[in-house]
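In: Quick one, what's the 3D model for this:
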Amino acid sequence: MSKLKKALQILASLALGIGILYWLFAKENLDWADFQTELTTINWFWIILGIINLQLSWLYRAIRWQMQIEAIDRRYALRDLWAASVAGVAINYLIPRSGELLKCAWVGKKTGSSTPRLIGTVVTERAIDVLCLLLIVCLGFFLEYDVLISFLLEEAKVPFWLFYLGLFGGVLSLAFLFVTQRLAKRKGGVFAKVWDLIIALW
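Out: Sure thing, here's the model as predicted:
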C-alpha cells in the first residue's frame, strides 16, 4: 500500500508539473511551429548549465533552511527539504507566496514537526533576504551615487523629489516595522495583532 501511495504521489507530482507548463504556455498563446523551430537553434550547453545552476540555488536554500530548523528542532533530511523547496517554487507560479506555506506544511506532515514553527523559519529567512538586499542597495547608492542619480533623472525620467520621497518612505517603513516588532514583544495586545497581520501579508 505504501509503494502504491508513493507511486501515486510521484504521478500526481508529474501531472502537476505538466499541467503548470501547459498552463504557462497556453497563457502566452504560444505558436508551437515557431517553438519547435527555435528548439532546433538552441545551444543546449547553456540550457543545461542554467538548469544545474538553478538546482544548486535550490540546494543552497535547502541547506540554509536545514541549518535554521536544526537550531530550533532537529536535523531533517536534506532531500526532503530540497523536494519541498522545489515543490513550493512550482506552486508559487499558480498562487504567489502559497508555495512557502505548502513546503512548510509538507515537511511538517512528513516529519511530524510543528508547521507554525517551520513557517517562522521561512519568515526569518525572507527577512534576512530583504535585509541583505537593502544592504546591497544602500552600498550601491553610496558607492555609485552620481551614476544612479544620473540614470534616474536622465534615462528613467524619475523626478528628483520622487526619488527622495521613495527613499524616505523606505526608511520610514523599516522604522515602523522595527518599532512594531519591539512593541509586539514587550506589550502584546493590539501591537501583537498588527505584527501578526504584517507577517501574514508577508
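In: where in this protein is pLDDT low?
Out: Under the criterion pLDDT under 70, the flagged ranges of the chain are 1-3, 5-6, 24, 26-28, 30, 152-163, 180-181, 183-202.
In: mind listing the helices for it?
Out: 2-27, 32-41, 44-72, 78-94, 98-111, 115-143, 145-150, 160-186, 189-201 (DSSP state H).
In: Redo those helices as a markdown table? Include mean neighbour count.
Out: Every residue, glycine included, has its C-beta placed from N, CA and C. Written out in a markdown table, the entries for those read as follows (neighbours: other C-beta atoms under 10 Å):
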| stretch | mean neighbour count |
| --- | --- |
| helix 2-27 | 10 |
| helix 32-41 | 8 |
| helix 44-72 | 13 |
| helix 78-94 | 17 |
| helix 98-111 | 18 |
| helix 115-143 | 13 |
| helix 145-150 | 11 |
| helix 160-186 | 12 |
| helix 189-201 | 12 |
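In: Look up how far residue 93 lies from residue 17.
Out: As for residue 17, its distance to residue 93 is 10 Å (criterion: C-beta to C-beta, to the nearest Å).
In: which ones are touching residue 117?
Out: 72, 73 (C-beta atoms under 8 Å, 6 or more residues apart in numbering).
In: now swap in residue 18 and tell me
Out: For residue 18, no residue counts as a contact, taking C-beta under 8 Å, 6+ apart as the criterion.
In: Look up how far residue 110 lies from residue 68.
Out: Residue 68 is 17 Å from residue 110, where distance means C-beta to C-beta.
In: if I look at residue 56, how far off is residue 50?
Out: In terms of C-beta to C-beta, residue 56 sits 11 Å off from residue 50.
In: One more: residue 60?
Out: 16 Å.
In: just residue 35 next, same as before
Out: Computed as C-beta to C-beta, the residue 35 to residue 50 distance reads 18 Å.
In: now do residue 37
Out: Taking C-beta to C-beta, one finds residue 37 at 21 Å from residue 50.
In: Pull the contacting residues for the nearest residue to residue 84 once chain neighbours are set aside.
Out: Of all residues not flanking residue 84 in the chain, residue 103 sits nearest, at 3.9 Å (C-beta to C-beta, 6 or more residues apart in numbering). If you count contacts by C-beta under 8 Å, 6+ apart, residue 103 has them with 84, 85, 87, 88, 122.
In: what does residue 92 give?
Out: With C-beta under 8 Å, 6+ apart, residue 92 has these contacts: 98, 99, 100.
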